[in-house]
Each structure stands twice: as C-alpha cells, then as structure tokens.
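Undergrad: What would the 3D arrangement of this be:
(one chain, ligands or ions: 2)
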Amino acid sequence: MIYRTFHDLSISLLGMGNMRLPTTVERGPIDEARAREIIEYLYAQGVNYFDTGYRYHNGESEPFVGKVLSQYPRDSWYLATKFPGHMMHVKDGKIEFAGYLTGLTLDSPQAIFEDQLSRCGVDYFDFYLLHNMCEASIDTYMDEQIGIVRYLLEQREAGRIRYLGFSTHARPETIERFLDWEGSFDFVQIQLNYLDWTLQNAKRKYEILVERGIPVMVMEPCRGGRLATLNDEVSAMLKEARPDDSIASWAFRFVKSLPGVQVVLSGMSTLDQAKENVRTFSDPTSLSEEENGLLERVVASLVDLVPCTACEYCLEACPMDLPIPNLIALYNEMSFERSPGIHFALIALSEEQMPSNCIACGECAKMCPQGIEIPEIMERLAKAIADMPQMGPPAPPQPARTP
Ligand code: SF4
Ligand code: SF4
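TA: Ligands and ions are numbered 1, 2, ... in the order given. I've put the predicted structure just below:
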C-alpha cells in the first residue's frame, strides 16, 4: 500500500468511500456481512482512511462504519465524515432542511455534530468536512448567525476534530472565494478524474489547491463507475497498452500520479473491486508521458469537446455579461451525459446568466482565439436546458454501483 504523509500522519493513498456499500436489495439496507468483509479486507491490507457522511445509506453508513472500525485500535484508522450544510437553508436566522434531509429534526450545528460522534461511537473525528460547499450552499456555510464554520473551528481547537476541510463541486472561483473567506482549512475534497480534468475544469480546481498548499482528497476518481466501462474502441486502446490492467485502473492511476493528492476515495461495493484497488495502490509507478497522452486521446474520442481554454477574452465583449466559459463547460458536460455535475452547474447560474439571454450579437466570437462559434453554442445550450425535465433536488447517493 502506498502511504502519503499528512502532518504527522501516514495515510494510505487509497481511501474507502462508504456511500456505495453493498446492499441487501437495490437502495435497501446495507448488506452488513459483505460490507464488513470489504472493510476488514482493506484494513488488513493497510488502508487506514475511511470516509462516510451523515446521510449516506439513509443514515446507516456512519454507525455501520464506526461499528466495524471499533474492533481495531482507535489510532490505527482515520475516520472522515461530513456536516450536511449543503441541504440546509437559513430562514429568519434558523436552519431549514431541504432535499433528502427533509424531516430532520436536529436544528443546530452542535446537535448534528454531537449526533454524529454518538452514531459513529467515537469522541473525535480525524477528518471532518463541510459537505458540498457549492454555489447553493456557500451562503449557508458563511452565515455568521448560524455559525456552522465558527462552531466547527471551535471543535477543531478543542481536539474533537483533528483536521477540518470541505468537499465541493463548486466552480473554481467559488472555491477561491470560500478559501479567501476562511484560510485555515486543512484539506479539500474535489471530484477529480481524467475526464473531468477538462469537462468540469477539475484541473483548475486542483491547481488552486496545490498553489495554496492545500492537500487534495479525491472523490469520484472513476466518475461513479463511468470510467470503469468504456466503449470497445477506447477499451482496446487501453488494453493494448496494459493488457493485464482493468479499464478502471487507468482512472485510479491517473489521480494517484498527481502530486498534492493525499487520498483517493473509492466507493467499493464488492470484494473484487477492493482487491483490484489494493493492487493498483500498491504499485508506486506513475503514469508515463505516453500514457497521459493516451488518456488525452481517450477523452477526445469519448466526447467531442468545444475547445474552450477558459482564457476569458470573450467576457468583456459580452453586453449581456454571460459567463461564457462556464456555459461552454456546461455544454461540454451535457454533450457527454446527464450527471449530477449538471445539476450543480445549473443551480450556480442566476436567471440573468442563462444562455437564453444571449442576443446573438457575435461580439464574443470576434475575441475568441479558438475560433469558437459562441452564439451557436449558446443557442444549442439554451435549447438543451429548456428540453430538460424539471429539476428537483439532487438524488441521494446511490449504493452498489461499479467501482
Ligand atoms: S453573442 Fe451572446 S454570448 Fe456572445 S457577446 Fe453576444 S450576447 Fe454575449
Ligand atoms: S475566448 Fe474562447 S477560449 Fe477564451 S474563454 Fe471565451 S470561448 Fe473560451
């Protein structure tokens, strides 16, 4: 197992994500025997980072993971969980819940945090995250009256949280705004994989964190299993280069080759996935330049990207103040597949920023060094959004998918 140093800790580069544990029936309760077998196998192989969340598996994940880990010495594993602020709104100075937390009765940061400690059966968390700081939740997290971050900083000060961070699907500029507001976060968790490197501008998010010296925890390295099964043509390219390796292992090897990455989380649903991941994360070699080039070709053949480099030259030209690079990133994402990332990108847009506001003046295209026909992209994107089914809150995490 590969380990990387974090302050005075030695943490396994492979971390176990506990939101896709095996279940007895689809969306049903955790299959405790099979899930326990996976966690115990990983621990025996040297994995020591275990990530969960308040509402994973309908609230079952935290107590289950805490119970399994409690058989081992407390200082031999690191537990990470998350504060569910992404499903809260502040109204009249009080917390209200939305989405899959509707009906939750706990109504203060303190009550939720204490409940989590008790559910996990621990008296401190090694790693604690604000869950999904994004354009829709940043105001809740920054609300001084509710004081979520202030309370959690106090818990860190008191030793009940060893390291405080946040997970995020936000745009790069939102991540920067949040880090400028509170500069003492110990780590940040982002969605990072070779496809989203371009598609969701994960490269820029990664760079922001590395530039600030903030360790990166990686989630969705395999894009929820999407990068474990590729089309025949692309699979053949990867198999020819490394016949003995699975398609999924390329996704893991990409992220583990990046300096600054502290932990790569994988939501393992089967023992076979766990075994394969242990093998991948025991190999210290990085992707070669040739292999990186191969992955770039894979991405190019998976999705016909509009080649926006986010240089922002077009922004000043737009009389409607449209966030053109962000809209093109959304267009690229929608051309690939309907993923939760689209939901997060859409809720980040105000009414004025919607592509339907484009008046097709063409001023932006004159500025674009890539020669992109921006008005045409805006028109297609506006139509794609109009054709989408009505948006609801994001679905709760789904168990039992591929690695
Ligand atoms: S064509 Fe649309 S996006 Fe481009 S500058 Fe005009 S209004 Fe803005
Ligand atoms: S000028 Fe072209 S490449 Fe640059 S951000 Fe605008 S659309 Fe993208």
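Undergrad: Please enumerate the helices of the stretch 201-350 of the chain.
TA: In the stretch 201-350 of the chain, the helices defined using DSSP state H, counting those that start in this stretch lie at 202-211, 232-241, 247-256, 271-280, 289-302, 324-336, 340-347.
Undergrad: Run the chain-centre distance for the helix or strand just after the last one.
TA: Read that as helix 340-347. Later in the chain than helix 340-347, the nearest helix or strand by DSSP states H and E is helix 363-367. Averaging C-alpha positions (CA atoms, centre = their mean, to the nearest Å) puts helix 363-367 34 Å from its chain's average.
Undergrad: before we move on, the earlier item: nearest to residue 8, of the helices of the stretch 201-350 of the chain?
TA: helix 202-211 (20.8 Å; CB to CB). All C-beta atoms are positioned from the backbone trio N, CA, C, and that covers glycine.
Undergrad: Okay, angle between the closest one and helix 247-256 too, please.
TA: Relative orientation of helix 202-211 and helix 247-256, computed by axes from the mean of the first three to the mean of the last three CA atoms, to 10 degrees: 40 degrees.
Undergrad: what comes up buried for helix 202-211?
TA: 202, 204, 205, 206, 208, 209 (16 or more other CB atoms under 10 Å).
Undergrad: ok, so what distance separates the residue nearest to the second one when sequence neighbours are not counted from residue 200?
TA: Spelled out, it's residue 204. If the residues on either side of it in the chain are set aside, residue 204 comes closest to residue 172, at 4.4 Å by CB to CB, 6 or more residues apart in numbering. For residue 172, the distance to residue 200 equals 10 Å [CB to CB, to the nearest Å].
Undergrad: neighbour count winner among the two?
TA: More crowded of residue 172 and residue 200, by other CB atoms under 10 Å: residue 200, with 28 against 19.
Undergrad: Farthest from the middle of the protein: give me that residue.
TA: residue 361 (36.6 Å; CA atoms, centre = their mean).
Undergrad: So for the protein, the centremost residue is which one?
TA: residue 191 (3.3 Å).
Undergrad: residues in contact with the residue nearest to residue 38 when sequence neighbours are not counted?
TA: Once flanking residues are discounted, residue 38 sits nearest to residue 274: 5.0 Å by CB to CB, 6+ apart. By CB atoms under 8 Å, 6 or more residues apart in numbering, residue 274 lies in contact with 38, 41, 42, 268.
Undergrad: make it 10 Å
TA: Residues in contact with residue 274 (CB atoms under 10 Å, 6 or more residues apart in numbering) are 14, 16, 37-42, 45, 47, 266, 268, 403.
Undergrad: Save those residues as CSV, and put in distance to ligand 1, neighbour count and pLDDT too.
TA: As requested, the contacts of residue 274 are exported to CSV (distance: CB to the nearest ligand atom, whole Å; neighbours: other CB atoms under 10 Å; pLDDT from 0 to 100):
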residue, distance to ligand 1, neighbour count, pLDDT
14, 43, 28, 97
16, 44, 27, 98
37, 54, 16, 98
38, 49, 23, 98
39, 50, 22, 98
40, 55, 15, 98
41, 53, 16, 98
42, 49, 25, 98
45, 52, 17, 98
47, 48, 26, 98
266, 40, 29, 94
268, 44, 28, 92
403, 40, 25, 34
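Undergrad: Of those, which is the nearest to residue 310?
TA: Once CB to CB is applied, the member of those that ends up nearest residue 310 is residue 266, at 28.9 Å.
Undergrad: Am I right that the closest one is in contact with residue 50?
TA: No: counting by CB atoms under 10 Å, residue 266 does not reach residue 50; the two are 11.6 Å apart.
Undergrad: Could you tell me which residues touch both of residue 172 and residue 200?
TA: residue 190.
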